[in-house]
Each structure stands twice: as C-alpha cells, then as structure tokens.
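# Next input, structure requested:
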Amino acid sequence: MTDIFSSLSSHIEMIYIIILSIFVGIEVISKVPAVLHTPLMSGANAIHGVVIIGAIIVMGHAESHNMLAIVLGFLAVVLGTLNVVGGFVVTDRMLEMFKKKK
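Sure thing, here's the model as predicted:
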C-alpha cells in the first residue's frame with residue numbers, strides 16, 4: 001500500500017494534468033450543439049484506429065508462450081475494430097436523416 005502512495009506522490013503533476021483535462025473535456029463537450037455531437041463522436045471513434053495499430057504491435061512483440069498478451073491483444077483488435085466500424089455506421093445513419101427524400 002505504501003508503494004502505491006509513493007508512486008502517486010511521485011507523479012502528482014501527471015495526476016493534476018489528468019484531472020484538469022477531465023474538467024476541460026467536460027466543459028468543451030457540454031458546449032457542442034446536439035446536431036454536431038454525433039459526427040464529432042464518430043470521428044473520435046475513428047481515431048481509435050490507433051488502438052488497433054497498437055494492439056497489433058503488442059501482439060507482434062509478444063512471446064509465443066505468453067498467451068495472456070496474445071489474447072488481450074486480439075481482444076483489443078476486435079473491440080477497437082468494432083468501435084471504429086460502429087462510429088462510421090452511426091455517422092452514415094445520421095447523415096441519411098439529412099438527405100432530401102425523393
């Protein structure tokens with residue numbers, strides 16, 4: 001338990017930055033109009049492609065006998081892919097609502 005407290009006290013600046021970024025993020029997102037919220041969120045989901053690349057790199061560097069790293073990397077690839085595809089599906093459905101009907 002003392003190791004946890006010493007680690008937290010040695011990284012107190014990073015903790016302050018994380019807390020401040022949470023408040024700034026909440027403030028910025030609360031100012032976004034509802035019409036723009038869905039495209040912005042789907043774009044943010046597309047950025048999660050970085051998660052897919054990172055998971056592939058981790059799986060590539062995992063030792064063959066380390067099944068935990070391989071399974072977690074595979075799970076990260078699957079969930080990251082679902083997140084990216086879901087973001088694009090939501091954007092496509094939202095944009096369909098704004099098209100003129102024939």
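
# What residue, apart from its backbone neighbours, is nearest residue 58 spatially?
The spatially closest residue to residue 58, leaving aside those adjacent along the chain, is residue 73, at 4.7 Å (C-beta to C-beta, 6 or more residues apart in numbering). Just so you know, the C-beta spots here come from the backbone N, C-alpha and C atoms, and that holds for glycine as well.

# Packing partners of the helix or strand hosting the one you found?
Using DSSP states H and E, residue 73 maps to helix 67-98. Using 3 or more C-beta pairs under 8 Å, 6 or more residues apart in numbering; DSSP states H and E as the contact test, the elements touching helix 67-98 are helix 34-47, helix 49-61.

# Quick one, which of those gets closest to residue 91.
helix 34-47 (3.9 Å; C-beta to C-beta).

# Can you show me the CA trace of stretch 89-102 as CSV?
Below are the C-alpha coordinates for stretch 89-102, written out as CSV (Å, rounded to 0.1, in the frame of the first residue of the first chain):
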residue,chain,number,x,y,z
VAL,A,89,-22.2,3.3,-39.1
VAL,A,90,-23.6,5.9,-36.7
THR,A,91,-22.3,8.7,-38.9
ASP,A,92,-23.8,7.1,-42.0
ARG,A,93,-27.2,6.7,-40.4
MET,A,94,-27.1,10.3,-39.1
LEU,A,95,-26.2,11.7,-42.5
GLU,A,96,-29.1,9.7,-44.0
MET,A,97,-31.5,11.7,-41.9
PHE,A,98,-30.4,15.0,-43.5
LYS,A,99,-30.7,13.8,-47.1
LYS,A,100,-33.8,15.0,-49.1
LYS,A,101,-36.3,12.4,-49.8
LYS,A,102,-37.3,11.8,-53.4
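
# Please consider this matter closed, and thank you.
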